[in-house]
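# from the sequence below, what's the structure:
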Amino acid sequence: MNKALIYIPNKSPMQSGTAKKNKWILEFITKDPTRNPLMGWESSSDTLTELKLEFSSKELAINYAKKKKIDFDLIEPKKRKTVKKSYADNFLN
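Coordinates of the predicted model:
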């Protein structure tokens, strides 16, 4: 049977804010990837690996996977620790 990952994607290094981090992704895991010796591309005969489903909540993604009988691994997001700084702090010490 197919196996999938449910997770919140990491933000791009070009992003500094935390907006739009509320979508959950269900992505299928690749079975037997092969490497093209000429071009070096990775390919697979499993077309489900090209599919990424977006959900607005974790519960919706889990319910979808259970309804379609998809085995899944859930990756919980880590809490980001923010340190509030002021520009003036650079000159006080």
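
# now for the worst-scoring helix or strand of the chain on mean pLDDT, which elements pack on it?
For the chain, the helix or strand with the lowest mean confidence is strand 42-43, at a mean of 77 (criterion: mean pLDDT, DSSP states H and E). Applying 3 or more CB pairs under 8 Å, 6 or more residues apart in numbering; DSSP states H and E, one finds that strand 42-43 contacts strand 34-35. Every residue, glycine included, has its C-beta placed from N, CA and C.

# who does the strand it packs on pair with, and is each partner parallel or antiparallel?
Note on strand 34-35: by DSSP bridges, its sheet partners are strand 42-43 (antiparallel).

# and the strand it pairs with, how far from the chain's centre?
When distances are taken as CA atoms, centre = their mean, to the nearest Å, strand 42-43 is centred 20 Å away from the chain's centroid.

# parallel or antiparallel, list what pairs with the very next helix or strand once past it.
The helix or strand immediately downstream of strand 42-43 is strand 52-55, counting by DSSP states H and E. Next to strand 52-55 in the sheet, as set by DSSP bridges, lie strand 24-28 (antiparallel).

# show me what the helix or strand encompassing E59 is packed up against.
E59 is part of helix 58-67 when elements are defined by DSSP H and E. Helices and strands touching helix 58-67, by 3+ CB pairs under 8 Å, 6+ apart, are strand 3-7, strand 24-28, strand 52-55, strand 71-74.

# wait, which of those strands is closest to E42?
E42 lies closest, by CB to CB, to one member of the helices and strands packed on helix 58-67: strand 24-28, at 14.9 Å.

# okay, buried residues for that closest one please.
Residues 24-28 are the ones in strand 24-28 that count as buried (16 or more other CB atoms under 10 Å).

# cool, thanks, signing off.
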